[in-house]
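Trainee: pasting the sequence and the predicted coordinates here, then a few questions.
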Amino acid sequence: MLTKLMLTAAIAAAAGALAPPAHAAIQWGVSVSIAPPAPMLIVAPAPRPGYLWVPGYWGWNNGRHVWLNGSWLRERPGYAYWQPRWVQRDGHWLLERGQWARGDRDRDGIPNRRDGDRDGDGVPNRYDHHGGHPQPQ
């Protein structure tokens, strides 16, 4: 019994060390030299009609990486969601905010109306034999 209690306390303490305090503000667009840790492997919950599950990710707060749990977002018809991500530029890491992109079939961040390769196959639309539209799988 005491061992279970100690194990539970240790797990809670470890989880608290990874999660930011409730009042903490994640810094967006911050450039740091410390690469984010590997994402935590957490099983996604069962799908919910009308909602999109956004997995957890590492944020940045008070000079360190902090784990932010996944959450549900209400779906937006006609939009694709880009979850927050770290990108490496010039030897530094930059945290980009999550965002909704309107009409972005191939999820490359370029709206379809301006996308020269709408299906993301590497062939410009004007040369694509199927017109730049995704093929059925």
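Mentor: Okay, I see it. Numbering: from 1, shown residues only.

Trainee: okay, and for the chain, where does confidence drop off?
Mentor: 1-25, 104-114, 118-120, 129-137 (pLDDT under 70).

Trainee: one more pass at 50, please.
Mentor: 1-23, 132, 135-137 (pLDDT under 50).

Trainee: can you list the domains in it?
Mentor: 48-102, 106-137 (automatic domain parsing).

Trainee: reformat the ones you listed as TSV; add mean neighbour count and distance to residue 40.
Mentor: Using the backbone N, CA and C atoms, a C-beta is placed for each residue, glycine as well. Shown next, in TSV, are the domains of the chain (neighbours: other C-beta atoms under 10 Å; distance: least, C-beta to C-beta, whole Å):
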stretch	mean neighbour count	distance to residue 40
domain 48-102	14	6
domain 106-137	12	23
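
Trainee: between these, which one is closest to residue 34.
Mentor: domain 48-102 (6.9 Å; C-beta to C-beta).

Trainee: re earlier: and of the domains of the chain, who's closest to residue 41?
Mentor: Comparing the domains of the chain by C-beta to C-beta, domain 48-102 comes nearest, at 10.1 Å.

Trainee: just the endpoints, please. Distance across that closest one?
Mentor: 22 Å (C-alpha to C-alpha, to the nearest Å).

Trainee: please apply the same query to stretch 91-99.
Mentor: 24 Å.

Trainee: then stretch 60-74?
Mentor: Stretch 60-74: ends 25 Å apart by C-alpha to C-alpha.

Trainee: what residues does that stretch touch?
Mentor: Outside stretch 60-74, the residues that touch it by C-beta atoms under 8 Å, 6 or more residues apart in numbering are 18-20, 24-27, 30, 32, 34, 36-37, 40, 42, 44, 48, 50-59, 81, 95.

Trainee: could you redo the last one with a cut-off of 7 Å?
Mentor: Residues from elsewhere that reach stretch 60-74, judged by C-beta atoms under 7 Å, 6 or more residues apart in numbering: 18-20, 24-27, 30, 32, 36-37, 40, 42, 48, 50-59, 81, 95.
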